[in-house]
Each structure stands twice: as C-alpha cells, then as structure tokens.
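>>> sequence unavailable; structure follows:
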C-alpha cells in the first residue's frame, strides 16, 4: 500500500496522516458530476484505511505548484517522525 502525503506546515507524521483521511467538501468550482441526475452537485470525498498491508510506503509531497510563476516550488518544511 502506498500513501501520498501533502505537507503544508511543520508537523509530525501522525498529523499528516490525519490530514490525509479528513473529509474534503467538494463545492463551488470543485463540484462532483453526478451520473444519475446529469449535473454538477456539492458533495464530499474521504478516504478510509480499513485494512493495511504488511508494508506501508509513504510518499511525502515536498513540492507545491505555483500557478502565478507556472513552476513547482520546493517546500522547506521539517517533518517529525515521532
């Protein structure tokens, strides 16, 4: 199993995992297309980790895309593993 964690501030690995599984509200420009009613609707998405494999690979996203400069910017953030 592999998880891709986005790091936004100085935090530890447990906070990053909590942020990964938090419910994300999809509204405004990020509405979800409903195939039943054939239109865009507000909604939510979330991730559940019901069963983990023997090994867990964690990928830390250390770059953020800058829309103004059209480049990826390296994040100089410390991540604690304890």
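Yes, it's here. Predicted model only: the values in this text are computed from it and were never measured.
>>> show the average pLDDT along stretch 50-64.
Averaging pLDDT along stretch 50-64 gives 79.
>>> one more: stretch 14-21?
For stretch 14-21, the mean confidence score works out to 79.
>>> what separates that stretch from the chain centre, distance-wise?
Distance, stretch centre to chain centre, for stretch 14-21: 9 Å (Cα atoms, centre = their mean, to the nearest Å).
>>> how about stretch 55-71?
When distances are taken as Cα atoms, centre = their mean, stretch 55-71 is centred 10 Å away from the chain's centroid.
>>> please apply the same query to stretch 64-76.
Worked out by Cα atoms, centre = their mean, stretch 64-76 lies 17 Å from the chain centre.
>>> now the nearest residue to residue 62 once chain neighbours are set aside: how far from residue 63?
Leaving out its chain neighbours, the residue that sits closest to residue 62 by Cβ to Cβ, 6 or more residues apart in numbering is residue 75, at 5.2 Å. Just so you know, the C-beta spots here come from the backbone N, C-alpha and C atoms, and that holds for glycine as well. As judged by Cβ to Cβ, to the nearest Å, residue 75 and residue 63 stand 7 Å apart.
>>> show me which of these two is the more surrounded one.
residue 75 (15 against 11; other Cβ atoms under 10 Å).
>>> please enumerate the strands of the chain.
Here the chain has its strands, by DSSP state E, at 2-6, 11-12, 24-26, 32-34, 39-41, 43-45, 57-61, 63-66, 71-74, 79-80.
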